[in-house]
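> here is a sequence with its predicted model. Questions after.
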Amino acid sequence: MKRVVITGIGTINPLGNNTEEYWNNLCSNYCGINNISKVKIENDVIKVAGEIKNLNGVNIPKRLLRKIDTFTIYSLIASNEAIYDSKLNLNSEDLYKIGVFVGNNSGGWDISERGFTELYKLGAKYVNPWQATAWFPAAPQGYISIFNGLKGLSKSFVSDKSSGAVAISEAMRSIRHGYNDIVICGGCEAPINKLGITCMAQTGEFFSGNNLNMGTEPFNNHSNGQILSEGSSFLVMEELNHALNRKARIYGEVSSASMTMSNDNCGIDGYKRCVDNSLRKSELSYKDIDLFIPEGNSSFSSDMLESSFIKKYIDDNTKVTVPKSRFGHLYGASTPTDIVTSLLCIKHSTITPVLGNYKTMNDIKMVKNVVHKNINNSLLMSRSREGINVSIILKKFRK
């Protein structure tokens, strides 16, 4: 099997509008969750969220901006940063061997909300002619391909909270089997408007109180509930020899990915089977994992399942942290952001903390202060509400 490495990263989320800003805030006590300021929420269904702030000077042509929704704007910002970070010269590459894999859960909320206003208040002739192509979840994949002239095998994935994790798993598969040499892979979400918030609140999984200045407190015995967030993260995933031939900097290796479907929402069998599969493929044991980033979405039932797994199987020397506790759940962009975080932890030999002092489910231990530690292997986990488990193992790169 061909080996898959990551040579570029990019992100925009409530903790930062680029990778450097994100990492600096993640290493501090900064929390990106606050009372919603972008829109006035009339029914108070969700009062707080992780919002992107101070987004100025977007380097996207104005003609293109009129055709796309906010979630696509975020994906272009993050993917452009990842491509730039990888020092990938697209003019010298076979564009038919570069694909785009994107995870997104719910499409474009902003343009859909505007479309309803245009249709029902102003009339059909005022509807944005790009409405039909701008709202659907595959739009970011299409526009990243068009913007960069990429023509390789490309796909979009909709799998609830695991959308981005599935995209990464399938991107790795496409490279290993030789369909692509490079995949621009990630996820994006932008649900912070009246329509998005109202619809997402119907799940009943979200915190309905006021400002959470200490984050979402994952695995708290008195769970707050999920926090909605917006943003995008992208990776440049590349076949190892291709990366070595162009002397690319390598952040880490995507060693394995596994997926299981289970209906055991109250048990850990399907979850453990997913992790075991990834460990077996990577020829690792639980004791070999230095860093574990679980789903940790602050939903009581999900957190209880994961805490039981951590208590029973995760080694005492493995550090556990939950980056999303500081900025909320990014759905399609969640796992790509966790991978960006893990790669930065590997690069800096530093593990960032979860805020707050509280009693955890099953008395599990999480990193509460910045920890400096050499990281060779990290395990990341994603869980959807419908029973999809996705586990991904990253390794520090070694030839």
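Noted; the coordinates are in hand.
> use CA for all of it now, contacts and neighbours both
Noted.
> where do the helices sit along the stretch 101-250 of the chain?
109-117, 131-134, 139-148, 163-176, 194-201, 240-245 (DSSP state H, counting those that start in this stretch).
> tell me which of those helices is the most buried.
helix 163-176 (a mean of 26; mean count of other CA atoms under 10 Å).
> what does that one contact?
The contact list for helix 163-176, computed with CA atoms under 8 Å, 6 or more residues apart in numbering, reads 1-4, 101-105, 155-157, 159, 180-183, 185-187, 237-239, 254, 257-258, 331-336, 382, 390, 392.
> of the helices of the stretch 101-250 of the chain, which approaches residue 73 most closely?
helix 139-148 (8.1 Å; CA to CA).
> my guess is residue 249 meets residue 86, correct?
Yes - at 7.1 Å, residue 249 counts as touching residue 86 under the criterion of CA atoms under 8 Å.
> more neighbours: those two, which one.
When residue 249 and residue 86 are compared for neighbours, residue 86 comes out ahead with 23 against 15, by other CA atoms under 10 Å.
> ok, the more buried one - contacts?
With contacts taken as CA under 8 Å, 6+ apart, residue 86 has the following neighbours: 7, 8, 9, 236, 248, 249.
> dump the residue contacts of the fifth one.
Meaning residue 248. Neighbours of residue 248 in contact, by CA under 8 Å, 6+ apart: 7, 86, 87.
> can I get those in a markdown table including pLDDT, secondary structure and distance to residue 319?
Output for the contacts of residue 248, formatted as a markdown table (pLDDT from 0 to 100; DSSP: H, G, I helix; E, B strand; the rest coil; distance: CA to CA, whole Å):
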| residue | pLDDT | secondary structure | distance to residue 319 |
| --- | --- | --- | --- |
| 7 | 98 | strand | 25 |
| 86 | 98 | helix | 28 |
| 87 | 98 | coil | 32 |
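> make JSON lines out of the residues you listed and add distance to residue 302.
Below are those laid out as JSON lines (distance: CA to CA, whole Å):
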{"residue": "7", "distance to residue 302": "33"}
{"residue": "86", "distance to residue 302": "36"}
{"residue": "87", "distance to residue 302": "39"}
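> closest to residue 315 among these?
residue 7 (29.6 Å).
> excluding its backbone neighbours, what's nearest that closest one?
residue 250 (4.7 Å; CA to CA, 6 or more residues apart in numbering).
> what pLDDT does the model give that neighbour?
For residue 250, the pLDDT comes out at 98.
> quick one, what contacts it?
5, 6, 7, 8, 243, 397.
> tell me the secondary structure at the fourth one.
Following DSSP: H, G, I helix; E, B strand; the rest coil, the label given to residue 8 is strand.
> so how many other residues sit close to it?
27.
> from residue 212, how far out is the residue lying closest to it once chain neighbours are set aside?
Excluding the flanking residues, the one nearest residue 8 by CA to CA, 6+ apart is residue 86, at 4.1 Å. According to CA to CA, to the nearest Å, residue 86 stands 36 Å off from residue 212.
> do the same with residue 297
Counting by CA to CA - residue 297 and residue 212 are separated by 14 Å.
> those two: which is more packed in?
residue 297 (28 against 19).
> and the residue nearest to residue 345 when sequence neighbours are not counted, how many residues sit next to it?
Leaving aside its chain neighbours, residue 345 sits nearest to residue 351 (5.5 Å; criterion: CA to CA, 6+ apart). Neighbours of residue 351 under the rule other CA under 10 Å: 27.
> mind listing what residue 351 touches?
Shown in contact with residue 351 (CA under 8 Å, 6+ apart): 319, 321, 345, 367, 370, 371, 372, 373.
> stretch 384-399: which residues count as buried?
Under the neighbour-count criterion of 16 or more other CA atoms under 10 Å, stretch 384-399 has 384, 387, 388, 389, 390, 391, 392, 393, 394, 395, 396, 397 buried.
> and it, how far from the chain's centre?
Centre-to-centre, stretch 384-399 and its host chain are 12 Å apart (CA atoms, centre = their mean, to the nearest Å).
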